[in-house]
Structures are given as C-alpha cells and as structure tokens.
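Student: The following block contains a protein sequence and its predicted model.
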Amino acid sequence: NAGVTQTPKFQVLKTGQSMTLQCAQDMNHNSMYWYRQDPGMGLRLIYYSASEGTTDKGEVPNGYNVSRLNKREFSLRLESAAPSQTSVYFCASRLGGFDSYEQYFGPGTRLTVT
Amino acid sequence: AQTVTQSQPEMSVQEAETVTLSCTYDTSESDYYLFWYKQPPSRQMILVIRQEAYKQQNATENRFSVNFQKAAKSFSLKISDSQLGDAAMYFCAYRSENTGNQFYFGTGTSLTVIP
C-alpha cells in the first residue's frame, strides 16, 4: 500500500515548455486534489476532483489543466510553463463523503521554471 | 472563500516545554472541520489533529491538543513536552461541511525546538 505517489520528484523546465505531473493513489479514494506550495503562502488549491469523471477549479487554476484519468489517477498539466509556476506541487486524496475527514498527501514535486 | 490566518510565522520552544500555535479563520458557516498538519523537512504533510465544529469538547492526541473557540473563530494548537522531532512547519486548515471538497490552509508557522 503505497498511499499517494507523485512523479517526478524534481523537474526543471524552460519558460514555454509543457509537462504533466502524475499522481496516483491506491486507497480507493474518491476525491483527489492538486495544491501548490509557495514560501509564505501556505498550500493553495489548484484543482480538485470530487469523484471520477468530475473536476473543479480551486483557488489558483490559471495556467493549469487536469485530467481524472480513472479513480486512481489525477494528472496536472502545465501547457506553457512560466517562472511564476515555480513551486512545490502536492497531490492529495480523500475517501470522500460525510465522515471522511482526512486528506492524504503525496511527497510533492519541486518544479523550477527558468 | 474562507480565509485561515496564522499570525506567527516562526515560533521556538525549549525541549520538554509547552508551546501554543495560533490560528484564526473567517467563515459564516456553522458546520465545518478544522485541522492541524505538520510538515517536517521531508515535505511530507502529516495530519496532527482535527476538530469538528459541532463538538464542544477540544480534541486531544497524545501531546497535542487544541483550544477551539467557535465564537471567536480561533483554533490554537498546544504541544506539550516538546520533542526535537516536533520541529516542523505547522499548517492550520479549514474544510466546509457544505462544500466539503475544498480545504483552505493558513500560511504556516515554523516551529524550532531548542535542545
């Protein structure tokens, strides 16, 4: 039981390049999330997926797209990377439902855009 | 959107002493959940403790306890008998019962434990 996994762990991009961050969970969770973490800003929600087949914007969605490929996988795509997207990205999952409290986080991806 | 405020960017505590981290939040809702997460240098986010707003009793998990003041919209974390392993960033988070899929995080408090 690996929990939430993210690939890659580190990435350096040039401005204008594209890439996809991958996230997978093996806990049969319904809800999945993408956050970015910047110094002094805490975690900010980019997109989330309440259940397979649905996605919704969070607080800072501009410049990103997501795909909920199946129940296990939730990817985040940067179509044209910008230096402002330099950050640490976290994927998280939650069982979902009334009494499902906890989010489980992946180890994060450190992305640098030059 | 709800806002979560952590007014202490940095705190320090002597080993074995007690420290309290502050968190306030802004909401018009009556049903919600509050959380404290710990992020050590490994970057892994770890749930420390949670509180349901409908419960009057403050949550406790071993050396960690909260002081939940619903009317004041305050949710502080008390760490007793501080240990070196408690050194980390601590984030306060809010989740609405009504729009339950969005979590809102504070900006974090960096805790240093002095041997």
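Tutor: Good, I have the coordinates.

Student: got the buried residues for stretch A:71-78?
Tutor: Buried residues in stretch A:71-78, counted by 16 or more other CB atoms under 10 Å in any protein chain shown: A:71-76, A:78. Any C-beta I mention is one placed from the backbone N, CA and C, and that applies to glycine too.

Student: repeat for stretch B:65-80
Tutor: B:65-68, B:73, B:75-79.

Student: B:E29 reaches B:R95, doesn't it?
Tutor: No. With contact defined as CB atoms under 8 Å, B:E29 does not count as touching B:R95 (10.3 Å).

Student: more neighbours, the two?
Tutor: Higher neighbour count among B:E29 and B:R95: B:R95, with 20 against 12, using other CB atoms under 10 Å in any protein chain shown.

Student: That one: what secondary structure?
Tutor: Classification of B:R95 using DSSP: H, G, I helix; E, B strand; the rest coil returns strand.

Student: got a list of contacts for the helix or strand hosting A:V88?
Tutor: A:V88 is part of strand A:87-94 when elements are defined by DSSP states H and E. Residues outside strand A:87-94 that contact it (CB atoms under 8 Å, 6 or more residues apart in numbering or on different chains) are A:4, A:6, A:21, A:23, A:25, A:27, A:29-38, A:43, A:46, A:74, A:76, A:100, A:102-106, A:108-111, B:43, B:45, B:101.

Student: Which of those residues are buried? Put it as a ChimeraX command.
Tutor: Buried residues within the contacts of strand A:87-94, by 16+ other CB under 10 Å, are selected in ChimeraX with:
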select /A:4,6,21,23,25,29,30,31,32,33,34,35,36,37,43,46,74,76,103,104,105,106,108,109,111 /B:43,45,101
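
Student: Listing request: residues of chain B with sub-threshold pLDDT.
Tutor: In the predicted model, chain B carries pLDDT under 70 at residues B:1, B:99-100.

Student: what does it have sitting close to chain A?
Tutor: Applying CB under 8 Å from any CB of the partner chain, we find that chain B lies next to chain A at B:1, B:4, B:6, B:9, B:33, B:35, B:42-45, B:47, B:50, B:91, B:93, B:95, B:100-108.
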